[in-house]
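Asks: The sequence and its predicted three-dimensional model are supplied below.
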Amino acid sequence: MPLPLDTRAVHHVTLEVSDLDRAVHFLERVLGLHTVPRKDFPGALAWTAGADAVQIHLAPVAGLQRKSGINPHVALAVASLPATRAALTEAGIAFDEFGPVLFVPDPDGNVFELREGD
């Protein structure tokens with residue numbers, strides 16, 4: 001029986017890259033994506049194909065200050081983060097809380113970020 005997480009959409013995908021300039025060049029020049037500001041990290045950029053499209057976030061591997069095990073990941077928008085947290089806790093599913101998001105690994109170690117909003 002599925003948990004009542006009320007997942008709404010894929011919000012973004014975060015990829016680790018070894019060369020940020022090369023990755024940006026590929027996203028913009030090869031794939032034709034354009035930059036948009038990230039609301040979760042002021043000053044950071046994301047790339048997308050359009051206003052309602054999934055965003056791509058880049059996380060440089062070199063010098064990366066990160067919480068272990070959260071990159072790369074897929075972010076899903078949920079209707080209510082408190083309800084999601086409660087459902088995961090009740091079901092005994094492990095997650096890490098990092099600011100206004102939850103990180104949940106699947107059985108193979110792939111990580112999903114659960115966040116409220118658009």
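Replies: Thanks, I have the structure now. Numbering: from 1, shown residues only.
Asks: Okay, now the unreliable bits of the protein?
Replies: Within the chain, the segments meeting pLDDT under 70 span 1-2, 4, 62-70, 118.
Asks: switch the cut-off to 90
Replies: Along the chain, the parts satisfying pLDDT under 90 run over 1-11, 14-20, 30-31, 36-53, 57-73, 98-100, 105-111, 117-118.
Asks: biggest helix in it, by residue count?
Replies: helix 81-91 (DSSP state H).
Asks: List the buried residues of the lengthiest strand in the chain.
Replies: For the chain, the strand with the greatest residue count under DSSP state E is strand 7-17. Of all the residues in strand 7-17, those buried under the rule 16 or more other C-beta atoms under 10 Å are His11, His12, Thr14, Val17. To be clear about C-beta, it is placed using only N, CA and C from the backbone, and glycine gets the same treatment.
Asks: What would that strand look like as CSV? C-alpha coordinates only.
Replies: This file holds the C-alpha atoms of strand 7-17, laid out as CSV (Å, rounded to 0.1, in the frame of the first residue of the first chain):
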residue,chain,number,x,y,z
THR,A,7,3.8,13.6,-4.8
ARG,A,8,3.0,16.3,-7.3
ALA,A,9,5.9,16.5,-9.9
VAL,A,10,9.5,16.1,-10.5
HIS,A,11,11.1,19.5,-9.5
HIS,A,12,14.7,19.0,-10.4
VAL,A,13,17.6,16.6,-10.9
THR,A,14,21.0,17.3,-9.4
LEU,A,15,24.0,16.0,-11.3
GLU,A,16,27.6,15.9,-10.1
VAL,A,17,30.1,17.4,-12.6
